[in-house]
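**Q** Have a look at this prediction, sequence included:
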Amino acid sequence: MASVEKKTKKRWVAGVTSDSTHPPPGLFTKSASVIARSLASKKVSPKGPTSGMRMLTYFINRGGRGLSATRRAELEKAKDLLSKRIEKEKQAAGHKIA
């Protein structure tokens with residue numbers, strides 16, 4: 001059998017240089033509800049909660065295998081809460097137009 005060489009791939013998350021959200025230090029170590037509430041705020045995500053959702057997804061992807069199962073579960077729960085909030089805002093905006 002031939003030896004398997006380990007390929008080094010560049011990870012796309014390493015090259016991201018976005019400045020659309022400004023999460024406070026240590027935010028992603030808190031509870032899901034605190035994370036979702038903070039990422040939905042205009043102070044942290046001036047462009048809205050959708051921008052906060054992208055930041056959360058980026059953080060999860062950046063953490064990769066280094067995230068513990070419990071931390072990943074908490075972050076996924078925060079994504080669910082934030083997603084529900086985004087959906088609620090979209091529905092409210094839809095009622096304003098009609």
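**A** Good, I have the coordinates. Numbering: from 1, shown residues only.
**Q** CA atoms for contacts and neighbours, from now on please.
**A** Fine.
**Q** Quick check: which element contains the spatially most central residue of the chain?
**A** Per Cα atoms, centre = their mean, the C-alpha nearest to the average position across the chain is that of L56, at 0.8 Å. In the assignment (DSSP states H and E), L56 maps to helix 49-63.
**Q** Let me see the contact set for the residue nearest to the centre of the chain.
**A** Listed by Cα atoms under 8 Å, 6 or more residues apart in numbering, the contact partners of L56 are 75, 79.
**Q** P46: what secondary structure?
**A** Under the three-state scheme (DSSP: H, G, I helix; E, B strand; the rest coil), P46 adopts coil.
**Q** helix or strand right after the helix holding L56?
**A** Downstream of helix 49-63, the first helix or strand assigned by DSSP H and E is helix 69-97.
**Q** Okay, angle between that following helix and helix 49-63 too, please.
**A** 160 degrees (axes from the mean of the first three to the mean of the last three Cα atoms, to 10 degrees).
**Q** Average pLDDT for helix 69-97, rounded please.
**A** Per-residue pLDDT over helix 69-97 has a mean of 90.
**Q** list the helices and strands it packs on?
**A** helix 32-40, helix 49-63 (3 or more Cα pairs under 8 Å, 6 or more residues apart in numbering; DSSP states H and E).
**Q** If we use 6 Å, what do you get?
**A** Under the contact criterion of 3 or more Cα pairs under 6 Å, 6 or more residues apart in numbering; DSSP states H and E, helix 69-97 touches helix 32-40.
**Q** Okay, buried residues for the helix it packs on please.
**A** 32-33, 35-40 (16 or more other Cα atoms under 10 Å).
**Q** Quick check: the farthest pair among these?
**A** A32 and A40 (12.2 Å; Cα to Cα).
**Q** So which of the buried residues of helix 32-40 is the closest to G26?
**A** Among the buried residues of helix 32-40, and counting by Cα to Cα, the member closest to G26 is I35, at 9.9 Å.
**Q** Pull up the per-residue confidence for the closest one.
**A** What the model reports as pLDDT for I35 is 95.
**Q** how close does it get to S45?
**A** Per Cα to Cα, to the nearest Å, I35 is found 12 Å from S45.
**Q** before we move on, what about T29?
**A** T29 is 18 Å from S45, by Cα to Cα.
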